[in-house]
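Student: have a look at this prediction, sequence included:
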Amino acid sequence: MKFAVIRTGGKQYIVSPKDKVKIEKLNAEEGQTVEFDDVLLVSDKDKIDLGTPKLKTKVTAKVLKQGKRDKVTVAKYKPKVRYHKVYGHKQPYTEVEIQKIS
């Protein structure tokens, strides 16, 4: 099974062809093709290529949709001073389908 480790949005993801992954928001339209050139590791059955720090390999993916995750509610409270604050946050994401690791 072929897989790769890519870095995007400050995070690292293990991906293989046909995988659907939710990553940090990218400026790309739905249906557009994106290339990730920040590839850290590629494994193909018994062969492993490890970058120091990156490889020249590219991972191609198709953007499926743009969206927002579920709302996370944050509450701050300090006793005896009548202070409380409640707010929410929906993190935007881009869902991509990995097409090939070249």
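Tutor: Nice, I can see it.

Student: could you use CA atoms for every contact and neighbour count after this?
Tutor: Will do.

Student: can you tell me the element the residue positioned nearest the centre of the chain falls in?
Tutor: Centroid check for the chain by C-alpha atoms, centre = their mean gives I23 as the closest residue, at 2.5 Å. Following DSSP states H and E, the helix or strand that holds I23 is strand 20-24.

Student: partners of that strand in the sheet?
Tutor: strand 92-101 (antiparallel) (DSSP bridges).

Student: residues contacting the partner strand, please?
Tutor: With contact meaning C-alpha atoms under 8 Å, 6 or more residues apart in numbering, strand 92-101 is reached by 3-4, 15-26, 57-69.

Student: rerun at 7 Å
Tutor: The contact list for strand 92-101 (C-alpha atoms under 7 Å, 6 or more residues apart in numbering) reads 16-26, 58-69.

Student: report the buried members of those.
Tutor: Among the contacts of strand 92-101, the ones that count as buried by 16 or more other C-alpha atoms under 10 Å are 16-17, 20-23, 25-26, 58-66.

Student: following element in sequence after the helix or strand of the chain with the lowest mean pLDDT, please.
Tutor: When each helix and strand of the chain is scored by mean pLDDT, DSSP states H and E, strand 47-55 comes last, with a mean of 91. Downstream of strand 47-55, the first helix or strand assigned by DSSP H and E is strand 59-68.

Student: that following strand pairs with which strands, parallel or anti?
Tutor: strand 33-36 (antiparallel), strand 92-101 (antiparallel).

Student: avg pLDDT for it?
Tutor: Across strand 59-68, pLDDT averages out at 97.
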